[in-house]
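K.L.:
pasting a predicted model and its sequence here:
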Amino acid sequence: MPSIVVSESQSPESKKKMKKQLNPETPELDDSVEKKTQKEKKSKKTKLPCNLDSNTVKTIKKDEKKKKKKKRKDTEIDETDNEEERSDPNSEMGDAMNLNMKKKIKIGNDDEEKVENQNALSNFRISEPLREVLKVRGIESLFPIQAMTFDTILDGADLIGRARTGQGKTLAFVLPILESLTNVPTVASRKKGYGRAPSVLVLLPTRELATQVFSDFEVYGGALGLKSCCLYGGSPYQPQQIQLKRGVDIVVGTPGRIKDHIERGNIDLSSLKFRVLDEADEMLRMGFVEDVELILGKVEDTNKVQTLLFSATLPDWVKHISSKFLKKDKKTADLVGNEKMKASTNVRHIVLPCSSTARSQLIPDIIRCYSSGGRTIIFTETKDSASTLAGLLPGARALHGDIQQATREVTLSGFRSGKFSTLVATNVAARGLDIDDVQLIIQCEPPRDVEAYIHRSGRTGRAGKTGVAVMLYDPRKSSFSRIERESGVKFEHISAPQPADIAKAAGAEAAEKINEISDSVIPVFMAAAEELLSTSNLAPKELLAKALAKSAGYTEIKSRSLLTSMENYITVLLGCGRPIYTPS
C-alpha cells in the first residue's frame with residue numbers, strides 16, 4: 001500500500017480561504033501587511049538576548065532544531081518495520097511477499113495513536129456487488145492469507161499460497177478471480193452466451209470440498225452474473241454434460257471426473273484464464289498425480305493462463321508441479337514458513353487413554369464435557385467402525401465412502417443445518433468438511449501419519465474461532481509420541497471424565513431447565529408429587545435430587561478406570577515403605 005503522510009502544513013491560499021470561512025466578518029489583510037506580520041513573527045522567534053555568549057547561543061539553537069524535528073516527526077505515519085521474508089526469494093517456490101497487514105497513524109496534536117485495519121474490505125479493489133454479499137455474510141475484513149494474495153492474483157501473477165487449515169484459503173482465490181473476470185478488459189475478451197467455454201478451472205481432492213468451493217463461486221459469482229458448475233464422481237454424467245454444453249464460466253470438480261469430461265470432449269480449455277489447485281498435497285496422498293498432470297498439460301498456451309496453487313504443506317510433488325506448470329516469476333504467500341507447529345493454534349489438543357471396548361461408553365461423556373453444545377465430528381479409521389459407532393451414539397450419523405452420494409449430501413446438509421450435532425466419519429471427510437461451529441473433534445485412535453492428524457484437528461478452530469481436538473489411544477497398542485514430535489503439537493494429557501463429575505454437570509443443566517418449564521404444568525403433576533412425598537421415606541430435597549438425576553439420564557453412578565476408561569473398573573495405586581519382591 002502507498003505510504004500516507006498526515007501534515008499540518010497548508011498553502012497560503014488555503015490558509016486565507018480557511019480564515020475567511022471561519023471569520024467571514026474579518027476584513028482580508030493586505031499581502032504586504034501579512035508579509036510584514038510574518039517577518040515580525042520570524043524575527044521575534046529567532047531574536048536572542050545580546051548578552052549571551054556564543055556557546056549558550058549555539059546550545060539554544062540546537063535545542064530549537066531538536067524541537068522542530070520532533071514536531072515534524074509526530075505528524076507523519078509510523079509504519080511498522082517490514083518483517084523478514086519467510087522464504088528465500090531466490091528459491092524455486094517464487095518471490096516471498098511482505099506480510100505486513102497494519103499501519104499505525106500518529107496524530108501529533110492529540111498525542112493519540114490510531115491503528116488502521118488494512119485488511120478492511122474498503123482497502124481492496126472489491127466491487128460493490130461482492131462487497132454487499134460479503135457484508136451479508138458478516139465479513140467486514142479479509143483474513144491474512146486473503147489480504148496477502150488479493151492484489152497479487154488480481155494483478156495477474158502466478159501464486160503459491162500456503163496457510164494452516166481453516167484460515168480462509170478458498171476466498172483467497174475466489175474473490176480476486178471473480179474481480180478479474182468482471183474487469184473491463186477481461187469482460188471484452190471473455191466469451192459469453194450459450195455454449196461458452198469455461199474461463200476458470202478449479203481442481204479439488206474430494207467431492208465434499210468441491211461442493212463447498214462451488215457453493216462459494218455460486219454465491220459470489222452469481223452476484224456478478226457468472227455461471228458455475230460442479231463435477232465429481234458418483235453423480236450421473238448426463239446432467240453435467242448438459243450444463244457444460246449450455247456454457248459455464250467456472251468449472252469446479254475432482255480430477256477424475258474432470259479428466260473424463262475432457263477426454264469425452266465436453267470441456268474446452270481454449271478460453272481458460274485461471275486454473276487452480278486447492279489442497280494440492282492431499283491430491284498427492286489420494287493418488288491423483290497422473291490425473292492432475294494430464295489436466296494441467298491440456299492447456300496449450302500457458303502464457304495466457306494464470307495458475308494458482310494452494311496447499312497446507314509442500315511435499316516434493318507439489319514443488320515439482322509448481323516448477324513445471326507455474327511461471328518463473330511466480331509469487332509465494334506463506335503463513336506457515338519454517339515453523340514446526342503446523343496445526344491450528346486456535347485448537348486445544350488433548351490426548352486421553354481409552355481401550356477400543358470403552359469408546360462407545362466414553363465418547364458421549366467427552367461430547368458432554370467439551371462440545372459446549374456445538375457440533376462434533378468423530379473420526380474412525382474404518383467404514384465399519386464409523387457405522388457401528390454412529391449406531392451406538394444417540395442422534396449421530398455416519399459418513400464414509402460406501403454411503404451413496406445422495407445420502408451423503410443429505411447427511412452433510414442435516415449436519416450443517418443443526419438437525420443433528422454428531423457426525424462419525426472416515427478420513428474421506430477430513431479434508432472436505434468446511435462447517436462453521438464445529439466445536440469438538442474426536443479421533444478414535446492416532447492416525448497413521450502426522451498430516452492426517454493436522455487435517456482432522458483442523459476441522460475445528462476455523463475462521464478465528466477456538467475448538468478442542470481429543471485423540472483417544474490404547475496405551476497397550478498405540479503411541480502418539482511421533483505425532484507430537486513431528487508436528488510440534490504439545491498435547492494436554494487428561495484422564496477420562498468420571499461419571500460422578502459428568503452427573504454433577506448434568507444435574508446443574510437439568511436444574512436450569514426446570515426454570516424454563518411453564519407453571520401451567522404444575523397442577524397436572526401436583527397429585528403425583530403429593531403422593532410421592534407422603535409415601536416416601538426420603539426428605540423433599542432427596543426426592544428432588546432423584547428427579548433431577550432421572551431427567552438428566554442418570555439412574556446410577558458407575559466407576560471408571562483412569563488407565564483404560566473402562567466402566568466398573570477402578571485404578572489402584574499401591575505404595576509401600578520398602579521394596580516389594582515378586583516371585584521370578
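P.N.:
Nice, I can see it.
K.L.:
neighbouring contacts of stretch 254-263?
P.N.:
The contact list for stretch 254-263, computed with C-beta atoms under 8 Å, 6 or more residues apart in numbering, reads 201, 203-207, 210, 231-233, 237, 240-241, 244, 251, 267, 269, 283, 288, 291-292, 294-295, 298. Using the backbone N, CA and C atoms, a C-beta is placed for each residue, glycine as well.
K.L.:
same check on stretch 216-224?
P.N.:
Taking C-beta under 8 Å, 6+ apart as the rule, stretch 216-224 contacts 127, 129-130, 132-134, 170-171, 174-175, 178, 181-182, 200, 202, 226-228, 249-250, 252.
K.L.:
10 Å instead?
P.N.:
127-134, 136-137, 170-171, 173-175, 177-179, 181-182, 200, 202, 214, 226-230, 249-252, 434 (C-beta atoms under 10 Å, 6 or more residues apart in numbering).
K.L.:
sort out for me which of those residues are in helices.
P.N.:
128-134, 136, 170-171, 173-175, 177-179, 181, 214 (DSSP state H).
K.L.:
can you verify Tyr554 is assigned to a strand?
P.N.:
No: using DSSP: H, G, I helix; E, B strand; the rest coil, the assignment for Tyr554 is coil, not a strand.
K.L.:
ok, of the contacts of stretch 216-224, which come out buried?
P.N.:
Among those, those classed as buried by neighbour count (16 or more other C-beta atoms under 10 Å) are 130-131, 133-134, 170-171, 173-175, 177-179, 181-182, 200, 202, 214, 226-230, 249-252, 434.
K.L.:
so where do the helices sit in the stretch 451-584 of the chain?
P.N.:
Residue ranges of the helices in the stretch 451-584 of the chain, as given by DSSP state H, counting those that start in this stretch, are 481-487, 499-514, 522-535, 540-551.
K.L.:
confidence-wise, which of those helices is weakest overall?
P.N.:
Looking at these, the lowest mean pLDDT belongs to helix 499-514 (a mean of 75).
K.L.:
show the pLDDT at the nearest residue to Leu472 once chain neighbours are set aside.
P.N.:
Nearest residue to Leu472, sequence neighbours excluded (C-beta to C-beta, 6 or more residues apart in numbering): Cys354, at 4.2 Å. At Cys354, the pLDDT value in this model is 87.
K.L.:
show me the contacts for Cys354.
P.N.:
361-363, 366, 444-445, 470-475, 496, 561, 563-566.
K.L.:
lowest-scoring secondary structure element of this structure by mean pLDDT?
P.N.:
Ranking every helix and strand in the chain by mean pLDDT, DSSP states H and E puts strand 102-107 at the bottom, with a mean of 39.
K.L.:
and Leu533, how many neighbours?
P.N.:
Counted with other C-beta atoms under 10 Å, residues neighbouring Leu533 total 12.
K.L.:
isn't it up against Lys541?
P.N.:
No: with contact defined as C-beta atoms under 10 Å, Leu533 does not reach Lys541; the gap is 11.5 Å.
K.L.:
returning to that earlier point: drop anything exposed from the contacts of stretch 254-263.
P.N.:
Buried among the contacts of stretch 254-263 by 16+ other C-beta under 10 Å: 201, 203-207, 210, 231-232, 240, 244, 251, 267, 269, 283, 288, 291-292, 295, 298.
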